[in-house]
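1. sequence first, predicted model second:
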Amino acid sequence: MSLTIYGVSASRAIRTLWAAEELGLDYKHEPVDFTGGSRKPEFLKINPNGHIPAIDDDGVVIWESLACNLYLARKHGGGLWPDNIADEGRALQWSFWAMTEAEKPILTLLLNKFMPQGGPSEAEVAAAREEVNAPLAVLNNALAGRDYLLGGDFTIADLNVASVLLWANMAGIDLSGYPDLAGWLARCAGRPALAAAQAK
Ligand SMILES: N[C@@H](CCC(=O)N[C@@H](CS)C(=O)NCC(=O)O)C(=O)O
């Protein structure tokens, strides 16, 4: 069996490196960067979008970070994949939600922090500050009275959503008004598998 994960850990590839570490997989890491490497012809053969991450699992090539994670968790289980179809549906729901509802405003605020010159415009930042509150409230409410999104255990739903929400911490977004979310995010961020992935 051979699994290759493409993408430097200081990119969305951290999401898939984290999943692979949680699953205890043996994999090869190709640290393709996002400042040119992802646009090289050899990488475009893997992901024609020119983005990292991507994986090649014995010839099965998957791109889109959270799709890579769903695939790996579905294939290897290891407690990350739900044990019933209702929770599988919820894991898909939360993964798509992270990408479509939460990622954009959080990324705008992250870019604003690290690229004060040449990053998002003032108007885009103001809109993102407003826009981010709705998904943060939805997530906070979903976590009320439970440790993890599907109940008592950490699953791929948590990994996928937390891997996007980690940017909120990096962007310095104040989460004090969302205590259930903040507690959950701290639990997810403290997992040794994430530290192992960050060290790649
Ligand atoms: N929706 C994609 C986005 C991937 C993406 O945009 N990755 C960035 C790095 S974080 C990238 O490859 N940027 C380089 C480029 O677009 O040339 C995913 O989640 O995998």
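-> Thanks, I have it. Numbering: from 1, shown residues only.
2. show the pLDDT at the residue positioned nearest the centre of the chain.
-> Closest residue to the average C-alpha location of the chain: Ser163 at 3.1 Å, with Cα atoms, centre = their mean. Ser163 carries a pLDDT value of 98.
3. again, but for Pro116
-> In this prediction, Pro116 has a pLDDT value of 81.
4. quick one: the nearest residue to the residue nearest to the centre of the chain once chain neighbours are set aside from Ala67, how far?
-> Nearest residue to Ser163, sequence neighbours excluded (Cβ to Cβ, 6 or more residues apart in numbering): Arg15, at 3.9 Å. (Glycine included, C-beta is placed from N, CA and C.) Look at Arg15 and Ala67: by Cβ to Cβ, to the nearest Å, they are 10 Å apart.
5. pLDDT below threshold where in this structure?
-> For the chain, the stretches flagged by pLDDT under 70 are 1.
6. let me see the ranges of the helices in it.
-> For the chain, the helices defined by DSSP state H cover 13-22, 41-44, 65-76, 85-97, 103-114, 122-131, 133-142, 156-171, 179-189, 192-198.
7. hey, which of these is tucked in deepest?
-> Each of the helices of the chain was scored by mean neighbour count; the highest is helix 13-22, a mean of 26, by mean count of other Cβ atoms under 10 Å.
8. that one close to the ligand?
-> No. Using Cβ under 6 Å from any ligand atom, helix 13-22 never reaches the ligand; the gap is at least 7.2 Å.
9. and that helix with helix 65-76, angle?
-> Counting by axes from the mean of the first three to the mean of the last three Cα atoms, to 10 degrees, helix 13-22 lies at 10 degrees to helix 65-76.
10. what's the span of stretch 163-177, first residue to last?
-> Start-to-end span of stretch 163-177 (Cα to Cα, to the nearest Å) is 20 Å.
11. actually, stretch 72-89.
-> Chord length of stretch 72-89, first to last residue, is 16 Å (Cα to Cα).
12. can you tell if that stretch touches the ligand?
-> No. Using Cβ under 6 Å from any ligand atom, stretch 72-89 stays clear of the ligand, coming no nearer than 13.6 Å.
13. contacting residues around that stretch?
-> 16, 19-20, 22-25, 55, 57, 90-91, 150, 153-157, 159 (Cβ atoms under 8 Å, 6 or more residues apart in numbering).
14. mind doing that once more with 7 Å?
-> Residues from elsewhere that reach stretch 72-89 (Cβ atoms under 7 Å, 6 or more residues apart in numbering): Ala19, Ala20, Glu22, Leu23, Gly24, Leu25, Ala91, Leu150, Asp153, Thr155, Ile156, Leu159.
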